[in-house]
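Novice: structure, please.
(4 chains)
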2 protein chains.
Amino acid sequence: MNILEKITRQKADFSKSEKKVAEVILANPQVAIHSSIATLAKMSNVSEPTVNRFCRRLDTKGYPDFKLHLAQSLANGTPYVNRHVDEYDGPSEYTNKIFESTMASLEVARQSVDVATVNRVVDLLTQAKKISFFGMGASSSVAHDALNKFFRFNVPVVYFEDTLMQRMSCMNCTEEDVVVLISHTGRTKSLVEIAQIARANDAVVVGITSGDSPLAKECNYVLSLAVPEDTDLYMPMASRIAQLTLIDVLATGFTLRRGTKFRENLKRVKDTLRGSRFTKTDN
Amino acid sequence: MNILEKITRQKADFSKSEKKVAEVILANPQVAIHSSIATLAKMSNVSEPTVNRFCRRLDTKGYPDFKLHLAQSLANGTPYVNRHVDEYDGPSEYTNKIFESTMASLEVARQSVDVATVNRVVDLLTQAKKISFFGMGASSSVAHDALNKFFRFNVPVVYFEDTLMQRMSCMNCTEEDVVVLISHTGRTKSLVEIAQIARANDAVVVGITSGDSPLAKECNYVLSLAVPEDTDLYMPMASRIAQLTLIDVLATGFTLRRGTKFRENLKRVKDTLRGSRFTKTDN
DNA sequence: AAAATAAACGTAGTATAATTACAGTTTAAT
DNA sequence: ATTAAACTGTAATTATACTACGTTTATTTT
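Specialist: Below is the predicted model:
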């Protein structure tokens, strides 16, 4: 795929003049993509057709097509890979690495989401009398965020950080309630217990967690995200970001399902917030 | 940098014919890079010069240069463009759209982060006697998350959801304290007041907010993220995700700066968590 | 509401760039 | 040493992109 690699690899097979062209391109590819075939020929001390033949040898249609391939290779090949932060990274390195690996994780998560389950869960949420969001530790802020989102929808939504409050809340559940439990590993003991309590009280339990975990086993529905665990010490938990995005997906599905009248209501909530804000003009 | 993103963002400024060109390109960018200006013009039902003008409007030298930029954007794995959810999207459409636009926003955010400021803020955080994270509404869960992260570092870190508690906490600040305020718009009145109180008490105030906002004006340091406001009703606030990622960046910078001894300590905290979890084998 | 002005758009011509055909030159093999 | 094959460059051809200018359409002003 990467044409620069291809050039280096095929270099031996090139003719004398073609090698000159290869040298020039490898030496300064950034210049090459902005040059015409004439200037590149001059730079390499060869004729224009030679450059053209050089391009064809690399299985491209011609010079413009070659430039396209080259440009793509220069666009840092695969930017969204999970590059790990290491001890000697400066601010600009670790900033980019973290953003990039977060994006990489999101891409993995996107591909692993089971849309059918998403749809089913949205269904359940729209019909629920009460919705609870619980998570421990790092996942508690995700649950917190879910509260914020769903609260705007004017539905009874519950969130507790405290385990005991969570337990008590679940004990009062009915079959019309939905409990969403968030845990990356799915091995947090207290959360597994919460799932059991909720199910004992006939609530529908949805887990945003790993597919083959103790928590998953206790859930009616599992939304699993194939985000790898953070093995690296420096690496942030990208799973939270994926979880949050999934919450966004659920909230969006919820809005869409509720229909027009509901959306007008949502707009009113947004407008109400204006009062607590500075307007654009008075800054 | 990403030209596809640029097109979607500038679309409003385009003329009628230029919009046609934009549509065609966004609909099928892979075809566009392999077309001549003539064929692209025909596909868009406009004249060749219009395509040319379209390219110039995007700050490229002309059509070939535009194609180069486009090719580079497409090379970045997948073209993550902020496609908006609409009323008739099914579960698989809105799921993908949300994941993709979240990634697109992260990419925009990544490019807009001022690394020098990040570095400076990390500096301040490592030297702080007390770190506070405050945010209102949707941003409060981001602050909550920051608490979780920094709490593991065994530094005095504070987080309140309640405005009054936030105020009181800021009144007790000293010049050795850092207050991090999170707000997408930077127009939340109460948070601007918090900034004023904190500064009045000599604390260092860091804003994770929009660059030209009332809040930004009250901060000593501003980490601004160029994530566009959510104009669309269905669209989630991608800004939160970007803010969270930025928190990750700060936390990582913090860890790196603190050095080896500190990292050993962090590992101990992680190990301690094991006790509250099911092990991999007993599921 | 009409006239004036500016912006947008397309046609035709021009310039530039890329490709092809061909011929001279080198290289390698018999 | 001769011949064939591959290599390379010149010149012509074709494709592609760009510019200048005039017409149409929209916008503003009176």
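
Novice: the residue most central in space within chain A sits in which helix or strand?
Specialist: By C-alpha atoms, centre = their mean, chain A has its centre lying nearest to residue A:106, at 1.7 Å. Using DSSP states H and E, residue A:106 maps to helix A:91-112.

Novice: what residues does the stretch 1-150 of chain A put near DNA strand D?
Specialist: Taking C-beta under 7 Å from any atom of the strand as the contact definition, the stretch 1-150 of chain A meets DNA strand D at A:15-18, A:45-50, A:53. C-betas here are computed from N, CA, C, even on glycine.

Novice: can you redo those residues as a markdown table with distance to DNA strand C and secondary structure?
Specialist: Formatted as a markdown table, these follow (distance: C-beta to the nearest atom of the strand, whole Å; DSSP: H, G, I helix; E, B strand; the rest coil):
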| residue | distance to DNA strand C | secondary structure |
| --- | --- | --- |
| A:15 | 9 | coil |
| A:16 | 7 | helix |
| A:17 | 11 | helix |
| A:18 | 13 | helix |
| A:45 | 15 | coil |
| A:46 | 12 | coil |
| A:47 | 8 | coil |
| A:48 | 4 | helix |
| A:49 | 4 | helix |
| A:50 | 9 | helix |
| A:53 | 8 | helix |
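
Novice: buried subset of those?
Specialist: A:17-18, A:46, A:50, A:53 (16 or more other C-beta atoms under 10 Å in any protein chain shown).

Novice: so which two of the residues you listed are the farthest from each other?
Specialist: A:46 and A:53 (9.7 Å; C-beta to C-beta).

Novice: quick check: which element contains residue A:140?
Specialist: helix A:140-151.

Novice: tell me where chain A has helices.
Specialist: In chain A, the helices defined using DSSP state H lie at A:3-10, A:16-27, A:29-32, A:37-44, A:48-57, A:63-74, A:91-112, A:115-127, A:140-151, A:163-171, A:189-200, A:214-218, A:238-258, A:260-273.

Novice: buried residues, the longest one. List them.
Specialist: Spelled out, it's helix A:91-112. So, applying 16+ other C-beta under 10 Å, buried residues of helix A:91-112: A:91, A:94-110.

Novice: run through the stretch 151-283 of chain A and note the low-pLDDT ranges.
Specialist: The model of the stretch 151-283 of chain A has pLDDT under 70 over residues A:229-236, A:259-283.

Novice: in the stretch 51-200 of chain A, what residue is nearest DNA strand D?
Specialist: residue A:53 (6.1 Å; C-beta to the nearest atom of the strand).

Novice: closest to residue B:140 among the buried ones among the residues of the stretch 1-150 of chain A next to DNA strand D?
Specialist: residue A:18 (62.4 Å).

Novice: excluding chain neighbours, give the residue nearest to the closest one in space.
Specialist: residue A:54 (4.7 Å; C-beta to C-beta, 6 or more residues apart in numbering or on different chains).

Novice: contact partners for the one you found?
Specialist: A:14, A:18, A:21-22 (C-beta atoms under 8 Å, 6 or more residues apart in numbering or on different chains).

Novice: buried set for stretch A:21-28?
Specialist: A:21-22, A:24-25.

Novice: stretch A:172-179 now?
Specialist: In stretch A:172-179, counting by 16+ other C-beta under 10 Å, buried: A:173, A:177-179.

Novice: take those and keep only those in strands.
Specialist: When DSSP state E is applied, the buried residues of stretch A:172-179 are split such that A:177-179 fall in strands.

Novice: report the separation between the residue in the stretch 51-200 of chain A positioned nearest to DNA strand C and residue A:51.
Specialist: Relative to DNA strand C, the nearest point of the stretch 51-200 of chain A is residue A:62 (1.8 Å; C-beta to the nearest atom of the strand). As judged by C-beta to C-beta, to the nearest Å, residue A:62 and residue A:51 stand 10 Å apart.

Novice: between those two, tell me which one has more neighbours.
Specialist: residue A:51 (29 against 13; other C-beta atoms under 10 Å in any protein chain shown).

Novice: who are the contact partners of the more buried one?
Specialist: Counting by C-beta under 8 Å, 6+ apart, residue A:51 has contacts A:21, A:37, A:40-41, A:44, A:63.

Novice: out of those, which is nearest to residue B:114?
Specialist: Out of the contacts of residue A:51, the member with the shortest distance to residue B:114 (by C-beta to C-beta) is residue A:40, at 37.1 Å.

Novice: for stretch A:129-144, the distance to its chain's centre please.
Specialist: 20 Å (C-alpha atoms, centre = their mean, to the nearest Å).

Novice: my guess is the residue of the stretch 51-200 of chain A closest to DNA strand D meets residue A:37, correct?
Specialist: No. Contact criterion C-beta atoms under 8 Å: residue A:53 and residue A:37 do not qualify, at 11.2 Å.

Novice: returning to that earlier point: now do the contacts for the residue of the stretch 51-200 of chain A closest to DNA strand D.
Specialist: If you count contacts by C-beta under 8 Å, 6+ apart, then residue A:53 has residue A:18 around it.

Novice: ok, residue A:120 next?
Specialist: So residue A:120 contacts residue A:221 (C-beta under 8 Å, 6+ apart).

Novice: repeat for residue A:6
Specialist: residue A:58.

Novice: columns distance to DNA strand C on top of the buried residues of stretch A:172-179, output as CSV?
Specialist: Shown next, in CSV, are the buried residues of stretch A:172-179 (distance: C-beta to the nearest atom of the strand, whole Å):
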residue, distance to DNA strand C
A:173, 59
A:177, 55
A:178, 51
A:179, 54
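
Novice: return the closest of those with respect to residue A:132.
Specialist: residue A:179 (4.6 Å).

Novice: partner residues bridging the closest one?
Specialist: Residues in a beta bridge with residue A:179, per DSSP bridges, are residue A:132, residue A:205.

Novice: OK, contacts around it?
Specialist: A:131-132, A:134, A:170, A:173, A:194-195, A:198, A:203-206.

Novice: likewise for residue A:160?
Specialist: Taking C-beta under 8 Å, 6+ apart as the test, what residue A:160 contacts is A:134, A:166, A:169.
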